[in-house]
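Q: Everything below, folded, please.
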Amino acid sequence: QLQASGGGLVQPGGSLRLSCAASGSIISISTMGWYRQAPGKQRELVATITSGYSTNYKDSMKGRFTISRDNAKNTVYLQMNSLEPEDTAVYYCYAYIFVRFGTGRRGDDYWGQGTLVTVSS
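A: Below is the predicted model:
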C-alpha cells in the first residue's frame, strides 16, 4: 500500500528527497508522515502532515527537513537538507488510510517498507 523511495548515500551537508506513494482502494488519507530508526535505536518521529497540510516536526529536524504531500497523487515527500551523520537511519513512511469496507469505510495505519539513508564521507 505504501512504496517509499529516494534513499541512498550522501555526504555530510548534502540533501536527499524521499517519496512515498500510497496505492490501492483508497477513499481518503488522513495523516501522513515519516519516522526513522537508526541502528540500535528505537523508531522515532521525523515529521507528520495532515490532509489539511498542517505539519509537525521533531525539534532536531526543524529548519533542515521539510515534509509535503500531494493529495492528488496520494504521495508524501521529505526534503532533507544539511544532512548529518546522525541522520543515518532507515526511514519509514506512514499513513492513516481509509479504504472501502463493505458498504462503508475503514481506517488503518499503514507503513512503507523503509528506505535507507546513509550520511557519510
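
Q: Tell me which residue of this structure is furthest from the middle?
A: Distance to the chain centre peaks in the chain at Thr103, reaching 30.4 Å (criterion: Cα atoms, centre = their mean).

Q: where's the residue sitting nearest the centre point of the chain, which helix or strand?
A: In the chain, the centroid-proximal residue (Cα atoms, centre = their mean) is Trp34; its distance is 2.8 Å. Per DSSP states H and E: Trp34 is located in strand 26-37.

Q: Tell me the helices and strands packed up against that strand.
A: Judged by 3 or more Cβ pairs under 8 Å, 6 or more residues apart in numbering; DSSP states H and E, strand 26-37 is in contact with strand 16-22, strand 44-49, strand 65-70, strand 75-80, strand 89-101. All C-beta atoms are positioned from the backbone trio N, CA, C, and that covers glycine.

Q: Just tell me which of these ends up closest to Trp111.
A: Nearest to Trp111, of all the helices and strands packed on strand 26-37, is strand 89-101, at 5.7 Å by Cβ to Cβ.
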